[in-house]
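Engineer: Structure here, sequence nowhere to be found:
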C-alpha cells in the first residue's frame with residue numbers, strides 16, 4: 001500500500017503544471033513526454049536542445065532532491081521484471097497508436113479543453129480500469 005502524501009502530491013503536481021505552462025509559453029510546445037522523447041531518437045529533431053534539457057530536468061530534479069534531502073519514496077512492486085517489461089512495451093504501443101500519452105493529452109490537452117484529448121484521456125482511463133479488472137479478477141493476478 002502506498003502512503004498518502006497530499007502536500008508532496010500537490011507540490012509535485014504544481015511543478016508539472018508549471019513546467020507545462022512554461023514550455024507552452026516559451027516554445028509553443030505541448031509537454032507530452034512521448035513527443036519530447038521522439039525528437040531525441042534518430043533521426044533527431046532540429047529542436048533537440050530543449051527536448052534534452054526538459055528530459056534532463058525530469059530525471060535530474062528527483063535525483064537532486066534525493067541527494068539534497070535524503071528523502072526517498074519507498075517503492076516495491078509485486079510484479080516480476082519480465083512482466084513490467086511486457087507492460088511497458090504494451091503501453092509504448094498504445095502511446096504510438098493513440099497519438100500521444102497521458103502527459104500530453106491528460107495534463108496539457110485537458111487543460112486546453114481539447115475534445116480530442118478529453119476523448120483520449122477517457123479511453124486511457126477506461127482501458128486501464130478494464131486491464132486491471134481482467135488481470136486481477138479474471139486471470140488471477142500475474
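Structural biologist: That came through fine. In this text the structure is predicted, and so the values were computed from the model without any measurement.

Engineer: helices and strands around the helix or strand harbouring residue 91, which ones?
Structural biologist: Assessed by DSSP states H and E, residue 91 sits inside helix 81-97. Helix 81-97 sits against no helix or strand, with contacts defined as 3 or more C-beta pairs under 8 Å, 6 or more residues apart in numbering; DSSP states H and E. Placement of C-beta: from N, CA and C, glycine included.

Engineer: Name the next helix or strand downstream of that helix, please.
Structural biologist: Criterion used, DSSP H and E; the element after helix 81-97 is helix 110-111.

Engineer: for that next one, what is the average pLDDT?
Structural biologist: Helix 110-111 shows a mean pLDDT of 85.

Engineer: Next: stretch 54-68.
Structural biologist: 89.

Engineer: Identify each buried residue in that stretch, please.
Structural biologist: residue 54 (16 or more other C-beta atoms under 10 Å).

Engineer: residues in contact with residue 100?
Structural biologist: 32, 34, 35, 109, 117, 120 (C-beta atoms under 8 Å, 6 or more residues apart in numbering).

Engineer: Adding neighbour count, secondary structure and distance to residue 64 as columns, could you present the residues you listed in JSON lines?
Structural biologist: Converted to JSON lines, the contacts of residue 100 look like this (neighbours: other C-beta atoms under 10 Å; DSSP: H, G, I helix; E, B strand; the rest coil; distance: C-beta to C-beta, whole Å):
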{"residue": "32", "neighbour count": "24", "secondary structure": "coil", "distance to residue 64": "24"}
{"residue": "34", "neighbour count": "17", "secondary structure": "helix", "distance to residue 64": "24"}
{"residue": "35", "neighbour count": "18", "secondary structure": "helix", "distance to residue 64": "25"}
{"residue": "109", "neighbour count": "22", "secondary structure": "helix", "distance to residue 64": "29"}
{"residue": "117", "neighbour count": "22", "secondary structure": "helix", "distance to residue 64": "31"}
{"residue": "120", "neighbour count": "21", "secondary structure": "helix", "distance to residue 64": "32"}
